[in-house]
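Undergrad: Next one to model:
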Amino acid sequence: MLEMPPLQFAEVNGIRMGFYEAGPHSDAPPVILCHGWPEMAFSWRYQIKALSEAGIRVIAPDQRGYGATDRPEPVEAYDLEHLTGDLVGLLDHLKIDKAIFVGHDWGGFVVWQMALRHRDRVAGVVGVNTPHTARPPADPIELLRKRFGDSMYIVQFQDPAREPDRIFGSRVEQTFDAFMRKPPPRKDDAPGEAPTAGVGASPKTNLAFPQMIAAYDVKYDPRTPILSPDEKRVFVDTFAKTGFTGGINWYRNMSRNWRRSAELDHTVRVPALMIMAENDAVLPPSAADGMERLVPDLEKYLVRDSGHWTQQEKPEEVSVKLIEWRRKRFG
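TA: Numbers count the residues shown, from 1 in each chain. Below is the predicted model:
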């Protein structure tokens, strides 16, 4: 298992944030790596090592609600104003003027928003699997409910009774056993259907993640794990301590974020890279179609034969691409 740099702490935006840093302080602009759900800075362990060894300053925070970072009680404390504000606070703490922000999954959503909300602090943006899109025409939760039904996990996450939090929190090892795997071989997929999470047949069933975890038995899962036993232990031990509510609260702000973003200019006006994963069922490469209209200075790169956990499934390829793009665009 790869070692992480020493854990450090910063007081930012009203919370204490844990973060990891490596590479020469003289390097600018540094790269800030933002994880998704249900993950943490440890998800970037391969990139931290590769980028720092290439002479790039790299910083990976546990974001609000995760890992070593505080988990405030109010749901509204997890909206995009807070999440992007935390990263600005981290820059201030480290006396960094501008950084390149790299985000996977939910972290991708946050880093695209950094370019809209705090453009003067952003040198460039890299989305890993998560595309930048226009503001939806209606409340995103209502759109997801119409398209996928009430069992879709993001719709379920809105439940004020917090049943999903309880399901994941009482089955932490099961959760990571089920999630952190490569997709099944493509030849097994139904014709015309995205690769699935290995249970059920229809996209609706497969997006009912709490029920999938509740019914999951690792003995019957033919998919290949992407974590070693030691790596899985890091995730399991951390989430056993923190629970899942902090991360799920990001989803509970989707309607609020939508309402509060009406006046934002959604054009990204910094250099950008979009890394797509061929077999990601939740964020497929097709989700990035047409991004160029909103991100004029965009390069796209497809990682073949990777599912959703791209920087952990194809760590070397992702690291090489990040280093290459960073050198090409920023010297």
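Undergrad: So which residues of the stretch 201-331 of the chain form strands?
TA: Counting by DSSP state E, counting those that start in this stretch, one finds strands in the stretch 201-331 of the chain at the ranges 272-277, 298-303.
Undergrad: Can you give the strand pairings for the last one, parallel or anti for each?
TA: The one in question is strand 298-303. Pairing partners of strand 298-303, with direction, according to DSSP bridges: strand 272-277 (parallel).
Undergrad: pull the CA atoms of stretch 290-301 into PDB?
TA: C-alpha atoms of stretch 290-301 as PDB (Å, rounded to 0.1, in the frame of the first residue of the first chain):
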ATOM      1  CA  GLY A 290     -21.000  19.300 -26.100                       C
ATOM      2  CA  MET A 291     -19.000  20.500 -23.100                       C
ATOM      3  CA  GLU A 292     -16.900  22.700 -25.500                       C
ATOM      4  CA  ARG A 293     -19.800  25.200 -25.700                       C
ATOM      5  CA  LEU A 294     -19.300  25.900 -21.900                       C
ATOM      6  CA  VAL A 295     -15.600  25.300 -21.700                       C
ATOM      7  CA  PRO A 296     -14.000  26.900 -24.700                       C
ATOM      8  CA  ASP A 297     -10.400  25.900 -23.800                       C
ATOM      9  CA  LEU A 298     -10.900  22.200 -23.400                       C
ATOM     10  CA  GLU A 299      -9.000  19.100 -24.000                       C
ATOM     11  CA  LYS A 300     -10.600  15.700 -23.700                       C
ATOM     12  CA  TYR A 301      -9.000  12.300 -22.900                       C
END
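Undergrad: Any buried residues in that stretch, and which?
TA: For stretch 290-301, the neighbour count (16 or more other Cβ atoms under 10 Å) marks Met291, Leu294, Val295, Leu298, Lys300, Tyr301 as buried. Backbone N, C-alpha and C define where each C-beta goes, glycine included.
Undergrad: Which pLDDT does the model give Met291?
TA: Note for Met291: predicted pLDDT of 97.
Undergrad: what's it in contact with, if anything?
TA: Counting by Cβ atoms under 8 Å, 6 or more residues apart in numbering, Met291 touches Pro131, His132, Thr133, Met274, Leu298, Lys300.
Undergrad: bridging residues for the closest residue to the fifth one other than its chain neighbours?
TA: Looking back up the chat, that one is Leu298. Distance criterion Cβ to Cβ, 6 or more residues apart in numbering; nearest residue to Leu298, sequence neighbours excluded, is Ala272 at 4.9 Å. For Ala272, the residues forming beta bridges with it (DSSP bridges) are Val125, Leu298.
Undergrad: can you confirm Pro29 is in a strand?
TA: No. Judged by DSSP: H, G, I helix; E, B strand; the rest coil, Pro29 forms no part of a strand; its state is coil.
Undergrad: how many neighbours does it have?
TA: Neighbourhood size, Pro29 [other Cβ atoms under 10 Å]: 21.
Undergrad: what does Lys219 give?
TA: 5.
Undergrad: next one: the one 3 residues further on
TA: Residues near Pro222, counting by other Cβ under 10 Å, number 9.
Undergrad: cool, and the one 5 residues further on?
TA: Taking other Cβ under 10 Å as the neighbour definition, Leu227 ends up with a count of 19.
Undergrad: Show the contacting residues for it.
TA: By Cβ under 8 Å, 6+ apart, the contact set of Leu227 is Phe176, Met180, Phe235, Gln312.
Undergrad: cool, Lys300 as well?
TA: The neighbours of Lys300, taking Cβ under 8 Å, 6+ apart as the test, are Leu273, Met274, Met276, Ala288, Met291.
Undergrad: Then Gly107?
TA: Applying Cβ under 8 Å, 6+ apart, we find Gly107 in contact with Leu33, Cys34, His35, Gly36, Gln63, Val128, Thr130.
Undergrad: Can you select the buried ones from those in ChimeraX?
TA: Here is the ChimeraX command that selects the buried residues among the contacts of Gly107 (16+ other Cβ under 10 Å):
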select :33,34,35,36,63,128,130
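Undergrad: Can you tell me which of the contacts of Gly107 comes closest to Glu263?
TA: For these, the closest approach to Glu263 (Cβ to Cβ) belongs to Thr130, at 22.6 Å.
Undergrad: for the nearest residue to the closest one once chain neighbours are set aside, phi and psi?
TA: By the measure of Cβ to Cβ, 6+ apart, the closest residue to Thr130 outside its immediate chain neighbours is Gly108, 2.6 Å from it. Dihedral angles phi and psi of Gly108 (degrees, to the nearest 10) take the values phi -60, psi -40.
Undergrad: I'd like to know which of the strands of the stretch 201-331 of the chain is closest to Val102.
TA: Of all the strands of the stretch 201-331 of the chain, it is strand 272-277 that lies closest to Val102, at 8.5 Å by Cβ to Cβ.
Undergrad: Helix, strand or coil: sort out Gly85 for me.
TA: Here Gly85 is helix, with the state taken from three-state DSSP.
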